[in-house]
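In: Curious how this folds, go ahead:
(one chain, ligands or ions: 2)
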Amino acid sequence: MAIAKHLGFNERIGIGSLALLPKDHLYDFVDQLMEEFVVVGPVAKGSEFVFSEIRDPEQVRLDYETTILPPKKVLHRPFQTLFSFREDGGITEEERINKRQVLFGVHPCDVHAISILDKAYGSEYPDPYYMAHREQTLIIALNCTQVGKNCFCHSLDTGPSLKEGYDLLLTDLGCSYLVEVGSESGTGIVERTGLALAPRVKMVEKEKRLDNARKKFRKRLLTQGLHELLEENFRHPIWEELIKSCLACGSCTMVCPTCFCYNVVDKIDLSLKSGRRQREWDSCMLLEYAQVALGHNFRRDRDARIKQRIYHKLLYYEPQFGTLGCVGCGRCISACVKKIDITEIIVRMRGE
Ligand code: SF4
Ligand code: SF4
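Out: Residues are numbered from 1 along each chain as shown. Ligands and ions are numbered 1, 2, ... in the order given. Have a look, this model is predicted:
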């Protein structure tokens, strides 16, 4: 640990330390990060926001509510080439990333989702492609002081504040960000960027702002008795209604930060002499997803696919990963052209 002499007092910087990042130093801070890391953070895209590699610090927008796709996309990529092959039998493995990256400004729900992906891809049979990206990644998270219209993380305890899973954690205090140190790597960043340490009393201000955010949620998903509710309502009339409404387009799964299914396909070049094997995000909402040899399909019926999505998120994940598979980000609600809302499905089952 290093000793910092900021704000007129000596304190060792380490896990649990507090620092302050004045807002007018944000771009300098990002600039310093960019000297050492590939930085991926929220940027504006039209009226929405996306996670993108930062080329200019002034692109960073920490005032976002949500992004179209979650930051998962830089760890579990929508398209990932596994290797290339040639007619002569030559095979070239895809190069793994070799520069460390920072996921900057990640909201608590998305950090929780990454911890679920860590279990899915890093436990029994570690996935080398996911792990190669994950091991090179630091997370600078951002507590939510503003709330999107479809967010419901507060009812799942996955937001608006974060307790673990970050290297640094920022909270907007108005003129500055409170910076909490969560790891040795985070300690190193605070040291190298020379952030001023902050007194403990700043945590009171942080809690006030987060309490204020908690009052802004308009949606919730009650988890009390949720497993029993789902088990008892496998034949609830809501499923019949959803069959008529759902287009089985898969958008809800494509934007979900905890969905991890993929397909593996061979892409042959036009020369027919070479190609590449690639994996691509897949969706349990699509007809072909459960189709096997000779055309048999285990989930031909749309209601089976809709139920699979909802039951996997809210019932089947827990025995697998020790947590619900939904982090309340609300993206599936925003993405659905038919306005199908996972929170409303549970409200209907509860008869509220
Ligand atoms: S986005 Fe909506 S319409 Fe499309 S598959 Fe999901 S629930 Fe169905
Ligand atoms: S199911 Fe919907 S609300 Fe839950 S984590 Fe996935 S996209 Fe977010």
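
In: which residues touch residue 279?
Out: Taking C-beta atoms under 8 Å, 6 or more residues apart in numbering, we find residue 279 in contact with 79-80, 82, 129, 262-265. Using the backbone N, CA and C atoms, a C-beta is placed for each residue, glycine as well.

In: oh, I was asking about residue 57
Out: Counting by C-beta under 8 Å, 6+ apart, residue 57 has contacts 26-28, 30-31, 34.

In: and what of residue 117?
Out: Neighbours of residue 117 in contact, by C-beta under 8 Å, 6+ apart: 72, 75-76, 130, 258, 260.

In: Ok, residue 346 next?
Out: 221-222, 226, 229, 314.

In: Mind doing that once more with 7 Å?
Out: Residues near residue 346 by C-beta atoms under 7 Å, 6 or more residues apart in numbering: 221-222.

In: And it, how close does it get to residue 233?
Out: 9 Å (C-beta to C-beta, to the nearest Å).

In: Kindly report the same for residue 169.
Out: 38 Å.

In: Now for the residue nearest the centre of the chain: which residues touch it?
Out: Nearest residue to the geometric centre of the chain (C-alpha atoms, centre = their mean): residue 110, 3.0 Å. Contact partners of residue 110, counting by C-beta under 7 Å, 6+ apart, are 70-71, 257, 329.

In: okay, now the residue of the stretch 101-250 of the chain found nearest ligand 2: neighbour count?
Out: Nearest residue of the stretch 101-250 of the chain to ligand 2 (C-beta to the nearest ligand atom) works out as residue 113 at 6.4 Å. Look at residue 113: counted by other C-beta atoms under 10 Å, it has 27 neighbours.

In: Quick check: the two most widely separated of the contacts of residue 117?
Out: Distance extremes for the contacts of residue 117: the farthest pair is 130 and 258 at 13.4 Å, using C-beta to C-beta.

In: which of these two has more neighbours?
Out: More crowded of residue 130 and residue 258, by other C-beta under 10 Å: residue 258, with 26 against 20.

In: By average pLDDT, which secondary structure element in the chain comes out worst?
Out: Using mean pLDDT, DSSP states H and E, the weakest-scoring helix or strand in the chain turns out to be strand 2-6, at a mean of 44.

In: ok so, going back, pull out the buried residues from the contacts of residue 57.
Out: Burial by neighbour count, 16 or more other C-beta atoms under 10 Å: within the contacts of residue 57 this picks out 26, 30-31, 34.

In: Which of these sits closest to residue 125?
Out: Relative to residue 125, and with distances defined as C-beta to C-beta, the nearest of those is residue 34, at 34.8 Å.

In: contacts for the helix or strand that contains that closest one?
Out: Per DSSP states H and E: residue 34 is located in helix 26-36. The contact list for helix 26-36, computed with C-beta under 7 Å, 6+ apart, reads 21, 39, 54, 57-58, 60, 102, 193.

In: for the protein, what are the low-confidence residue spans?
Out: Along the chain, the parts satisfying pLDDT under 70 run over 1-11.

In: Contact residues of it facing ligand 2?
Out: Contacts of the chain with ligand 2, taken as C-beta under 6 Å from any ligand atom, map to 255-258, 313, 326-332, 342.

In: Identify the single longest helix in this structure, thanks.
Out: Longest helix in the chain by number of residues (criterion: DSSP state H): helix 108-122.

In: How about that helix, which residues are buried there?
Out: 108-118, 120-121.

In: Please pull up the helix or strand immediately following it.
Out: helix 128-135.

In: What lies in contact with the helix or strand following that following helix?
Out: Next in sequence after helix 128-135, counting helices and strands by DSSP H and E, comes strand 137-142. Under the criterion C-beta under 7 Å, 6+ apart, residues 62, 75, 100-108, 111, 162, 165-170, 185 lie in contact with strand 137-142.

In: List buried members of those residues by neighbour count.
Out: Those of the contacts of strand 137-142 that meet the buried threshold are 62, 75, 101-108, 111, 162, 165-170, by 16+ other C-beta under 10 Å.

In: So which of those residues sit within strands?
Out: Members of the buried ones among the contacts of strand 137-142 lying in strands (criterion: DSSP state E): 101-106, 168-170.

In: nearest to ligand 1, of those residues?
Out: Closest to ligand 1, out of all of those and judged by C-beta to the nearest ligand atom, is residue 106, at 23.7 Å.

In: That closest one pairs with what?
Out: Bridge pairing for residue 106 (DSSP bridges) gives the partners residue 141.

In: ok so, going back, same list, the contacts of residue 117, but as JSON lines with distance to residue 216 please.
Out: Shown next, in JSON lines, are the contacts of residue 117 (distance: C-beta to C-beta, whole Å):
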{"residue": "72", "distance to residue 216": "25"}
{"residue": "75", "distance to residue 216": "29"}
{"residue": "76", "distance to residue 216": "30"}
{"residue": "130", "distance to residue 216": "34"}
{"residue": "258", "distance to residue 216": "23"}
{"residue": "260", "distance to residue 216": "30"}
